[in-house]
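Asker: Sequence and predicted model, in that order:
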Amino acid sequence: MPNLELQSKEKGSAVIGFAMVAPILMFISLAVLQLIYVLITYSFLVQHVDKSARLINMGYTNQETIFLAQNEINKSKFLGEKKSEILITEFRISTKTIKCLTIEIPISLPFGQGFILKASSYAS
């Protein structure tokens with residue numbers, strides 16, 4: 001015959017244990033999801049920077065490259081209404097001109113925090 005007194009004392013301990021562990025598990029799972037979002041966004045950003053650097057290597061001007069890259073980013077609708085900034089800087093190494101293409105995208109996290117995701121690629 002089971003001991004009814006022992007079962008009645010431990011009846012609410014599972015609920016209390018769940019109430020203590022559930023917020024921690026929710027926080028960890030949401031943090032992992034946010035990290036996945038940031039990594040996917042960074043991968044998207046690197047892909048577009050490399051595409052734009054190829055355009056420069058193919059002979060497009062800086063203005064054409066910026067215009068085409070901005071259109072590609074806006075067309076994807078992955079970032080929603082986020083405003084990206086595209087910069088092309090030039091510098092010379094001996095007789096060769098190198099162009100550095102940088103795309104910056106602001107990322108906002110929950111609780112009002114945010115940062116700027118930045119990717120660069122070089123074209124000669």
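Answerer: That came in fine, so what should we check first? Numbering: from 1, shown residues only.
Asker: Ramachandran angles for Phe115?
Answerer: Phe115 has phi and psi values of phi -160, psi 170 when expressed as degrees, to the nearest 10.
Asker: what about the nearest residue to it once chain neighbours are set aside, distance to Ile36?
Answerer: Closest residue to Phe115 apart from its sequence neighbours, by C-beta to C-beta, 6 or more residues apart in numbering: Ile107 at 5.8 Å. Where you see a C-beta, it was placed from the backbone N, CA and C, and this is true even at glycine. Going from Ile107 to Ile36 by C-beta to C-beta, to the nearest Å gives 13 Å.
Asker: Same drill for these two, tell me which one is more crowded.
Answerer: Counted by other C-beta atoms under 10 Å, Ile107 and Ile36 do not tie: Ile107 has more neighbours, with 17 against 10.
Asker: and Pro106, how far is that from Thr41?
Answerer: According to C-beta to C-beta, Pro106 and Thr41 sit 11 Å apart.
Asker: In three-state terms, how would Ser29 be classified?
Answerer: helix (DSSP: H, G, I helix; E, B strand; the rest coil).
Asker: any idea how far it lies from Met20?
Answerer: Per C-beta to C-beta, Ser29 is found 16 Å from Met20.
Asker: and what of Phe27?
Answerer: From Phe27 to Met20 the distance is 13 Å (C-beta to C-beta).
Asker: Centre-most residue in the protein?
Answerer: Val38 (2.5 Å; C-alpha atoms, centre = their mean).
Asker: Find the nearest non-adjacent residue to that one, please.
Answerer: Closest to Val38 by C-beta to C-beta, 6+ apart is Ile107, at 6.2 Å.
Asker: correct me, but the one you found touches Leu39?
Answerer: No - with contacts counted by C-beta atoms under 8 Å, Ile107 stays clear of Leu39, the gap being 11.1 Å.
Asker: Quick one: the strands in the chain, in order.
Answerer: Secondary structure of the chain (DSSP state E): strands located at 85-93, 96-108, 114-123.
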